[in-house]
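In: Sequence and predicted model, in that order:
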Protein chains: 2
Amino acid sequence: MADLAQNFCERRRNAESKVRTAKLRPTRQRIALADILFRKGDRHVGAEELYAEAVSAGVNLSLATVYNTLHQFTTAGLLRAIAVEGSKTYFDTNISDHHHFFVEGPNTVMDITGGPIGVTNLPEAPEGMEIVNVDVVIRLRPKRS
Amino acid sequence: MADLAQNFCERRRNAESKVRTAKLRPTRQRIALADILFRKGDRHVGAEELYAEAVSAGVNLSLATVYNTLHQFTTAGLLRAIAVEGSKTYFDTNISDHHHFFVEGPNTVMDITGGPIGVTNLPEAPEGMEIVNVDVVIRLRPKRS
DNA sequence: CTGTGTGCAAACTCTTTGCATAAGT
DNA sequence: ACTTATGCAAAGAGTTTGCACACAG
């Protein structure tokens, strides 16, 4: 029991420091979201899912706050928004340089593991522009017979 | 004048054959949209823009028809939907293997020209999945001082 | 004629916004 | 106390849907 309590406190402390890193006030909601997001390893979440998860974890917050927080975390560099076609925005807790599978049908995003993808012949940015990032998305579909 | 009329007819014929290629009935609306889409070279259009263009070209149609047609053309392989982050879907009249710049701010899509980008270390599709395509999106922002 | 396509308006999803209230420092 | 964040509900963008009417084969 003491262990559980300690883990709980430690996770909370980690989450809080994440929020402080982002120069945001460590409010209950932001700490709870940071905990959910960064407790487990790499995650790809949409706002609704994260909201549902927070609610079912007993956190009292609103969907608008989830959107606010996701954007604040993204701006602070704690999260990355993923470029996939479709109406929904996914956020990735893995900020390091990597790319994604997008699965048609369930519309889910997965990290590509097993060796870094290389992009060759990367073009120059046009005059007056700078490259923010390079996203590679490999679109998958369930194999038909 | 005769030239203009002939060009007009020829374009219309081309557009119609595009529609037939897609195994769709060559209705007035679909032919008009095909003409607008494929008359000029490569284009990246959203539904609303295409609708506006059609309307200002004197075509009488509805936005819903534009959406229907874009999806039908995409399914038929005449167009490709582009994976960019954000709420809006862009369609590309260039079906060949190429990739895109996405410009933050104006939220526009541009083809990457000047040599084909290569992707190395392309991973296997996971069990039971097949690769539909590989999209590379280079996100740009206006250079700050 | 017969069936598919279209137009319209309403519904729907995801996301943002405005403002009164609550909470952090 | 002072300021910033939150909750709520409403608005907003983009897209889809259902059904009566119109048009192509």
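Out: Structure's in. What do you need? Numbering: from 1, shown residues only, chains lettered A, B, ... in the order given.
In: Against which helices or strands is the strand of greatest length in chain A packed?
Out: For chain A, the strand with the greatest residue count under DSSP state E is strand A:129-142. Counting contacts by 3 or more Cβ pairs under 8 Å, 6 or more residues apart in numbering or on different chains; DSSP states H and E, strand A:129-142 packs against strand A:100-103, strand B:129-142. Heads up, the C-betas are built off the backbone N, CA and C, glycines and all.
In: Now do it, average pLDDT.
Out: Mean pLDDT, strand A:129-142: 90.
In: Name the nearest residue to the spatially most central residue of chain A, sequence neighbours excluded.
Out: By Cα atoms, centre = their mean, chain A has its centre lying nearest to A:Asp92, at 2.5 Å. Excluding the flanking residues, the one nearest A:Asp92 by Cβ to Cβ, 6 or more residues apart in numbering or on different chains is A:Arg80, at 4.7 Å.
In: these two touch, right, the one you found and A:Phe73?
Out: No - the criterion here is Cβ atoms under 8 Å, and A:Arg80 misses it with A:Phe73 at 9.6 Å.
In: what sits in contact with each of the two?
Out: The contact sets of A:Arg80 and A:Phe73 overlap at A:Phe91 (Cβ atoms under 8 Å, 6 or more residues apart in numbering or on different chains).
In: on that earlier part again, got the CA positions of the longest strand of chain A in PDB?
Out: Below are the C-alpha coordinates for strand A:129-142, written out as PDB (Å, rounded to 0.1, in the frame of the first residue of the first chain):
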ATOM      1  CA  MET A 129      10.700  29.700 -45.800                       C
ATOM      2  CA  GLU A 130      12.200  27.400 -43.300                       C
ATOM      3  CA  ILE A 131      11.500  23.700 -42.700                       C
ATOM      4  CA  VAL A 132       9.600  23.000 -39.500                       C
ATOM      5  CA  ASN A 133       9.600  19.200 -39.900                       C
ATOM      6  CA  VAL A 134       9.400  16.400 -42.300                       C
ATOM      7  CA  ASP A 135       6.600  13.900 -41.800                       C
ATOM      8  CA  VAL A 136       6.400  10.500 -43.400                       C
ATOM      9  CA  VAL A 137       3.100   8.800 -43.100                       C
ATOM     10  CA  ILE A 138       2.700   5.300 -44.500                       C
ATOM     11  CA  ARG A 139      -0.900   4.600 -45.100                       C
ATOM     12  CA  LEU A 140      -2.000   1.000 -44.500                       C
ATOM     13  CA  ARG A 141      -5.100  -0.900 -45.200                       C
ATOM     14  CA  PRO A 142      -6.100  -4.400 -44.100                       C
END
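In: No more questions from me, cheers.
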